[in-house]
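Participant: how would this look folded up:
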Amino acid sequence: MKAVVLTGIKKMELRNVPDPVIKNPVDVKIKMSVAGICGSDIHYYTWGNIGSQVVKYPFTVGHEGSGVIVETGPAVKHLKPGDKVAIDPAMPCFECDQCLSGRSHTCRKLKFLGCPEQAEGLLSEYIVIPETSCIKLPDNLTLDQGALSEPLSIGLYSVRKSGDIKGKNIGILGFGPIGMSVFLTARAEGAKAVYVTDKLPDRLAVAAREGATWTGNPLKDDVVSEINKREPLGLDVVFECCGQQEAVDQAVEIMKPGGKIIVVGIPDLENWLIKVDRTRRYENTILFIRRQVDSVEPVVEMMKSGRINTINMVTHRFPLEKTGEAFDFVADYRDGVMKAVIDIGQ
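Facilitator: Predicted structure coming up:
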C-alpha cells in the first residue's frame, strides 16, 4: 500500500509499505478515505516534536480520519465490512488507574495514532485499529464529517469542561480548526454571545459568517478594550485556542471574577506566564485541555441531528500524492485555509 512518511524537518515521502494485518481479535482493518491535517501534525512537520514527544524518522503522522471497514477480527461485535466509520485516534488500555477513573485520554499505556513512540499515523491507504476506536457513521453523514469528528470532539470536550455554558458570554482567542470546533460546539450547547479574535482576516470572515457576536484582529485592534467595552462585566469563559502567550494575557484582562480560562492551544513555548494579581483577586480558574474523552460519539450525533453544521470548515483538498504540498500550504496559512484534508481513498 501507499503511505506518506516524515523523513526529516519539512520532508515527506510517498512510499510503498506492507499492508497492515489484523493480529488482535478485536481489531478492524480500514480502507482510509479522508484525513484532516491538524495543527499538531504541523508541529511534528516543522519542528520534529511537541515537547517531549520527538519524532524518530521515518514516521507517519495523521490522526483525524474516516474510512470504510474492509475486514474484522473474530471478536469484533458491532462493525462489519462496508461500514463507514469515524476514527477516534486514542487506543487506551482500559485497565490502568486513569482509564478506570474515566480518564482514558490520559491512559498510562495510551497509544495514539500519529504520536511518536505510540502508533503510526493514518496517512496511508489502510490502517488496523481496535473496534473501540471506531464510531459507525450514520447514513446522512459524509466521510468528511467523519474526519471532522476528531477536532470537533476536542471542541465539545473543552466546552463541557468549562461547565454549563448555556446563556454564557464567551471568548475564543484563535479561530483555526480547533477554535472553530469550540465555536460550533459552544453555540450548539447554548452559548449566548461569542467574541472571536484571530490574526488572519479570512478566518475572522468565517467566524462572522458563522454568527460571531464580534470579531477582532489583535494585529489591528485593541481586542481587550473592544471586548471590555461591549462586555463591561467581563466574559464568563475564555478559550485560548492558538497557543500564544499574548492570548493568555488577553484572556486574563477580559475575564469576570470567578470566570474560567480554558487553555486548548498547543504552544511552542516551554512555560506559560500568568498574571498573578488579577487572576488571584478575581479567583479565576485556569484549566488545561488534553485532547478529549468520550466526546466523538456525541459530536457525531450532534452532526447527525443538525445541531452542528460543518459546511464552512473544510476549505482545501489534496490527493495523497500531494500531502507534502498540503502540509506546506497549512503551515504557511495560505489562501485562507481553515481545514485542509487529504483524499486518500474516495
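Participant: low-scoring pLDDT stretches of the stretch 1-150 of the chain, where are they?
Facilitator: Within the stretch 1-150 of the chain, no range satisfies pLDDT under 70.
Participant: mind listing the strands for it?
Facilitator: 2-8, 11-16, 27-36, 49-50, 53-54, 64-72, 84-87, 90-91, 111-112, 126-130, 134-136 (DSSP state E, counting those that start in this stretch).
Participant: Could you count how many residues lie near Ala251?
Facilitator: Ala251: 27 surrounding residues under other Cβ atoms under 10 Å. All C-beta atoms are positioned from the backbone trio N, CA, C, and that covers glycine.
Participant: just the one 4 residues further on next, same as before
Facilitator: Using other Cβ under 10 Å, Met255 is surrounded by 23 other residues.
Participant: give the contact list for it.
Facilitator: Gly234, Leu235, Val238, Ile261, Arg278, Thr279, Tyr282, Asn284 (Cβ atoms under 8 Å, 6 or more residues apart in numbering).
Participant: Can you dump the C-alpha atoms of stretch 271-281 in PDB for me?
Facilitator: Written as PDB, here are the backbone C-alpha positions of stretch 271-281 (Å, rounded to 0.1, in the frame of the first residue of the first chain):
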ATOM      1  CA  ASN A 271       6.300  27.900  30.100                       C
ATOM      2  CA  TRP A 272       3.100  29.800  30.400                       C
ATOM      3  CA  LEU A 273       3.200  33.100  32.300                       C
ATOM      4  CA  ILE A 274       0.100  34.000  34.200                       C
ATOM      5  CA  LYS A 275      -0.500  37.500  35.700                       C
ATOM      6  CA  VAL A 276      -0.900  36.900  39.400                       C
ATOM      7  CA  ASP A 277      -2.600  40.000  40.800                       C
ATOM      8  CA  ARG A 278      -5.800  40.000  38.700                       C
ATOM      9  CA  THR A 279      -6.300  36.200  38.500                       C
ATOM     10  CA  ARG A 280      -5.800  35.900  42.300                       C
ATOM     11  CA  ARG A 281      -8.200  38.700  43.200                       C
END
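Participant: Out of the contacts of Met255, which comes closest to Asp97?
Facilitator: Nearest to Asp97, judged by Cβ to Cβ, of the contacts of Met255 is Ile261 at 27.8 Å.
Participant: Look at the nearest residue to Thr215 once chain neighbours are set aside and report its pLDDT.
Facilitator: Counting by Cβ to Cβ, 6 or more residues apart in numbering, Thr215 lies nearest to Leu204, which is 4.3 Å off, once chain neighbours are set aside. Among the per-residue scores, Leu204 holds a pLDDT of 98.
Participant: Mind giving me the packing neighbours of the helix or strand hosting Leu204?
Facilitator: Leu204 belongs to helix 201-209 when elements are defined using DSSP states H and E. In terms of contacts (3 or more Cβ pairs under 8 Å, 6 or more residues apart in numbering; DSSP states H and E), helix 201-209 is packed against helix 177-188, strand 193-197, strand 214-216.
Participant: And that helix, what's buried?
Facilitator: For helix 201-209, burial by neighbour count (16 or more other Cβ atoms under 10 Å) applies to Arg203, Leu204, Val206, Ala207.
Participant: cool, and stretch 158-173?
Facilitator: By neighbour count on 16+ other Cβ under 10 Å, the buried set for stretch 158-173 is Ser158, Val159, Arg160, Lys161, Ser162, Ile165, Lys168, Asn169, Ile170, Gly171, Ile172, Leu173.
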